[in-house]
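K.L.:
Got a predicted model here, sequence first, then my questions.
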Amino acid sequence: MDEPVLRALLKAVRDGATDVEQALQELRRLPFEQLGFATVDHHRAIRCGFPEVIFCPGKTPEQVAAVFAKLAEGGGNVLATRADADVHRAVAERLPEARYHEAARAITLRQAPSEGPAGHIALVAAGTSDLPVAEEARVTAEIMDQRVSTHYDVGVAGIHRLVGAMEDLQQAKAVIVVAGMEGALASVVGGLVAVPVIAVPTSVGYGASFGGLSALLTMLNSCTAGVSVVNIDNGFAAGYIAAMINRLAVAAAK
């Protein structure tokens with residue numbers, strides 16, 4: 001159950017529009033619900049600010065669809081990551097309004113209107129090959145009601161391409177930098193902005209990149225203050241963290 005839904009239920013009880021027994025029926029699903037193969041966390045949005053997110057690999061399309069539908073009953077937005085077309089078809093059979101983001105390999109369902117925060121997140125990707133991870137970060141942040149500006153294919157091999165994005169990067173509340181190969185772009189961006197930089201190493205690169213390990217180590221060893229690092233190819237984590245940072249920045253400015 002999403003926080004706005006819970007607030008509405010409590011208000012209805014207070015105002016006499018819903019009796020206590022009806023409210024108890026709604027609340028029996030809190031804080032979690034057993035499906036046999038999964039335990040759905042209905043309290044996640046209240047604790048953490050966003051509902052449980054479904055990681056699709058290792059689950060059957062039918063399992064993902066069942067969890068997705070249960071989360072949707074809470075009234076909040078729903079996100080499933082690393083989904084393929086078969087998974088989306090299974091979800092769409094239950095919830096036709098669910099949207100598949102092919103590049104991001106994600107499924108979203110928007111049920112709550114976006115609040116439209118004042119601040120924004122800047123998303124930078126070194127190369128076109130990094131786009132699947134970058135798009136996962138973008139979709140994650142946007143379903144969490146954040147505004148995201150994107151600057152793609154601006155890696156260090158042609159660093160002059162980054163110049164056109166400088167004003168936007170410096171106005172953002174957080175910057176996500178997605179890069180493979182040697183992963184140097186995060187350090188460059190970190191030296192140009194006064195906000196947190198979330199570096200995402202990708203598994204893009206030739207043999208000596210070791211499936212993203214080279215970029216990961218470069219980012220971890222950055223000499224630029226303000227650069228933090230998530231795991232290889234983990235665009236979801238970067239988008240989620242950036243959304244949390246932007247929420248706090250906007251709230252502090254009020």
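P.N.:
Cool, got the structure.
K.L.:
Helices of the protein, start to end?
P.N.:
For the chain, the helices defined by DSSP state H occupy 3-15, 20-27, 44-48, 61-72, 85-94, 131-143, 166-171, 185-190, 213-220, 235-253.
K.L.:
So which of these is nearest V154?
P.N.:
Of all the helices of the chain, helix 185-190 sits nearest to V154, with 7.7 Å by Cβ to Cβ. Backbone N, C-alpha and C define where each C-beta goes, glycine included.
K.L.:
Convert that closest one to CSV, retaining C-alpha atoms only.
P.N.:
Extracted as CSV, the C-alpha positions of helix 185-190 are listed here (Å, rounded to 0.1, in the frame of the first residue of the first chain):
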residue,chain,number,x,y,z
LEU,A,185,34.4,10.1,-17.6
ALA,A,186,33.2,10.1,-14.0
SER,A,187,36.4,11.7,-12.8
VAL,A,188,36.2,14.4,-15.5
VAL,A,189,32.6,15.3,-14.6
GLY,A,190,33.3,15.2,-10.9
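K.L.:
what does that helix contact?
P.N.:
Helix 185-190 has contacts (Cβ atoms under 8 Å, 6 or more residues apart in numbering) with 124, 126, 154-156, 159, 162, 169, 175, 177, 179, 197, 199, 218-219, 222-227, 229.
K.L.:
quick one: it to chain centroid distance?
P.N.:
21 Å (Cα atoms, centre = their mean, to the nearest Å).
K.L.:
repeat for stretch 70-77
P.N.:
The answer for stretch 70-77 is 17 Å, by Cα atoms, centre = their mean.
K.L.:
Kindly report the same for stretch 200-216.
P.N.:
On Cα atoms, centre = their mean, the centre of stretch 200-216 falls 22 Å from that of its chain.
K.L.:
Could you do stretch 190-201 as well?
P.N.:
In terms of Cα atoms, centre = their mean, the centre of stretch 190-201 is found 17 Å from the chain centre.
K.L.:
Okay, buried residues for stretch 69-84 please.
P.N.:
69-72, 74-83 (16 or more other Cβ atoms under 10 Å).
K.L.:
ok, these vs L35, which is closest?
P.N.:
Scanning these for proximity to L35, where the rule is Cβ to Cβ, the winner is K70, at 6.9 Å.
K.L.:
Test my guess that the closest one contacts V40.
P.N.:
Yes. Shown here, K70 and V40 form a contact pair, counting by Cβ atoms under 8 Å, at 4.8 Å.
K.L.:
what do these two both touch?
P.N.:
The contact sets of K70 and V40 overlap at E33 (Cβ under 8 Å, 6+ apart).
K.L.:
what's the burial count for A242?
P.N.:
If you count neighbours by other Cβ atoms under 10 Å, A242 ends up with 30.
K.L.:
what's the pLDDT at it?
P.N.:
We note a pLDDT of 96 for A242 in this prediction.
K.L.:
Which residues are in contact with it?
P.N.:
I121, A137, A141, Q146, A174, V175, I176, I198.
K.L.:
closest to R14 among those?
P.N.:
Closest to R14 out of these is Q146 (31.7 Å), distances taken as Cβ to Cβ.
K.L.:
got the buried residues for stretch 242-252?
P.N.:
Buried residues in stretch 242-252 (16+ other Cβ under 10 Å): A242, A243, M244, I245, N246, R247, A249, V250.
K.L.:
same check, this time on stretch 187-200
P.N.:
S187, V188, V189, G190, V193, V195, P196, V197, I198, A199, V200.
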